[in-house]
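Participant: Pasting a predicted model and its sequence here:
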Amino acid sequence: MWPAPVLHAGTGFSRRQHGTRAVAAAPDSTVAYSGQLGFYIREKRWSDAFAVLDHYAKAMPSEHAVLLATGTLTVVSGEQLSRGEEALKRWIASPPVDARPGAHSFAHYRLGQLYEKTGRRELAKAELQKA
């Protein structure tokens, strides 16, 4: 059983409902998907988070943030790690032109965490040093 939804002050809507409404209102918005995805990650609702991620990837297939979100979700959930590894490697191989240095570090950090989770210590160490 899920805990009672947290209501936003004065709106009568839960955070989950706000996320769903934001995606419906702006289906081409990275911010809307990120917000909804973040909610499910915080709640550790992995299947819901992967469903949002799949919808996000389908709605915005050329969005580089989808690759980083995939890596993050797979690492924190411990599920679908091969999917996360592929996504992070794709982002690192071809980052967006306007990517900030912090995004590069983040991608290497997540990939290092993923390698660590899968017992590949030398690869993890190399990625964490790049981060």
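Facilitator: Good, I have the coordinates. Numbers count the residues shown, from 1 in each chain.

Participant: just the helices in the chain please.
Facilitator: Taking DSSP state H as the test, the helices found in the chain are 15-25, 30-42, 46-59, 64-77, 81-93, 101-117, 121-130.

Participant: What is the least confident helix or strand in this protein?
Facilitator: helix 15-25 (a mean of 54; mean pLDDT, DSSP states H and E).

Participant: Near the closest residue to Trp91 other than its chain neighbours, how many other residues are there?
Facilitator: Once flanking residues are discounted, Trp91 sits nearest to Leu67: 4.0 Å by CB to CB, 6 or more residues apart in numbering. The way it works is simple: take the backbone N, C-alpha and C, and place the C-beta from them, glycine included. Residues lying near Leu67 (other CB atoms under 10 Å) number 22.

Participant: do Ser47 as well
Facilitator: Using other CB under 10 Å: Ser47 sits among 10 other residues.

Participant: How about Ala69?
Facilitator: The burial count for Ala69: 24, using other CB under 10 Å.

Participant: ok, it - contacts?
Facilitator: Tyr33, Ser34, Leu37, Leu53, Tyr56 (CB atoms under 8 Å, 6 or more residues apart in numbering).

Participant: for the residue lying closest to the third one once chain neighbours are set aside, what are its contacts?
Facilitator: The reference is to Leu37. Using CB to CB, 6+ apart and skipping the chain neighbours, the partner closest in space to Leu37 is Val52 (5.0 Å). Residues near Val52 by CB under 8 Å, 6+ apart: Val23, Tyr33, Gln36, Leu37, Tyr40.
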